[in-house]
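In: sharing a model prediction with you, sequence too.
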Amino acid sequence: MAGSQIERAFSLLESLTSDPRGLPMQTLAEQLDIPKSATHRMLGELMRLGYVRQNPDNSRYHLSTKLVAMGFRYLASSGADIVQPILERLAQETGELVRLGVIDGERQTWIAKAQGARSGLRYDPEMGQDAPLFYTASGHAWLASLSDAQALALVERQGIANREDFGPNAPKSNTQLLEHLEQTRQRGYSLVMESSAIGTSAIAAVVRRPVDGHVVGVVSVAGPTARLSQARLQELSTPLLAAAAELSQACPASELFS
């Protein structure tokens, strides 16, 4: 792996986020494609700084809670308390999972959520992940705010996962993707059924900065297809769009959208 020491260190930290059971040094060295000696030195320095810990029982390396605490402090100071009540209200009204993704350059990252389902099937993915653009409602909502050329360029740079990793109704080609985006523009929100995964459906709408209309985020509602038929998703578009408008008005007061 090429790159500076700091790039390697962050790559190591990102690798450790992938497995809560921790990873052995050999695995980390292989993933980073650097010698075990260099990996050992980096791990030692990160342990000294408090970002990594080693399990004495199996010698696996884990992230410490220091990074988690830093993330929570950042969210607390950047206006998350402004947007969270809006997400909670939407979750209560829809009875499903609500997620907020923020746009950062060429990435849309899910950074907040509220769960409205209190019993039965619950769809609850991990936060902190980048939204896949090609086949998710959140991805389609953002892409539809761009030109077709810009949308395809973003998808190409992000890449597309193996087709067995997503649902049967995901776009089969760029042409089908552009058809989905045109439908999204006409509706004012995206709608996917069993696109990101079998048995899940979702709708999403963009959050715009009120001064210039620039898209700064995406809010979505997702859940089991058994509850979220197309008719039900269309019903939920009204509270979804209302929440997106409310988030748009609130975004100047939150650094999350800066």
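Out: In hand now; what should we look at?

In: now the strands: where do they sit in the stretch 51-200 of the chain?
Out: Assigned by DSSP state E, counting those that start in this stretch, the strands in the stretch 51-200 of the chain fall at 52-54, 61-63, 97-104, 107-115, 190-193, 200-208.

In: show me what the fourth one is packed against.
Out: This means strand 107-115. Applying 3 or more Cβ pairs under 8 Å, 6 or more residues apart in numbering; DSSP states H and E, we find strand 107-115 packed against helix 80-94, strand 97-104, helix 137-143. C-beta: built from backbone N, CA, C; applies to glycine.

In: hey, C-alpha coordinates of it in CSV?
Out: Taking C-alpha atoms only, strand 107-115 is exported to CSV below (Å, rounded to 0.1, in the frame of the first residue of the first chain):
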residue,chain,number,x,y,z
ARG,A,107,-19.8,11.0,-0.4
GLN,A,108,-23.1,10.7,1.3
THR,A,109,-22.7,9.4,4.8
TRP,A,110,-25.4,8.2,7.1
ILE,A,111,-24.8,10.1,10.4
ALA,A,112,-28.1,10.0,12.3
LYS,A,113,-31.2,7.8,12.7
ALA,A,114,-34.4,7.3,14.5
GLN,A,115,-36.3,4.0,14.8
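
In: in that strand, what's buried?
Out: Buried residues in strand 107-115, defined by neighbour count with 16 or more other Cβ atoms under 10 Å: Gln108, Trp110, Ile111, Ala112, Lys113, Ala114, Gln115.

In: quick one: that strand to strand 97-104, angle?
Out: Compare the direction of strand 107-115 with that of strand 97-104 by axes from the mean of the first three to the mean of the last three Cα atoms, to 10 degrees and you get 160 degrees.

In: can you count the residues close to the residue nearest to Pro132 when sequence neighbours are not counted?
Out: Leaving aside its sequence neighbours, Pro132 sits nearest to Gly139 (Cβ to Cβ, 6 or more residues apart in numbering; 5.7 Å). For Gly139, the neighbour count with other Cβ atoms under 10 Å is 30.

In: Ala161 now?
Out: Ala161, neighbours per other Cβ under 10 Å, totals 13.

In: for Arg8, list the residues it contacts.
Out: Met1, Leu32, Ile34, Ala38, Met42 (Cβ atoms under 8 Å, 6 or more residues apart in numbering).

In: out of the helices and strands packed on strand 107-115, which gets nearest to Leu247?
Out: Closest of these to Leu247 is helix 80-94, at 5.7 Å (criterion: Cβ to Cβ).

In: tell me the average confidence for the closest one?
Out: Here helix 80-94 scores 89 as its mean pLDDT.

In: show me what that helix is packed against.
Out: strand 97-104, strand 107-115, strand 215-224, helix 230-250.

In: mind redoing it with 7 Å?
Out: strand 97-104, strand 107-115, helix 230-250 (3 or more Cβ pairs under 7 Å, 6 or more residues apart in numbering; DSSP states H and E).
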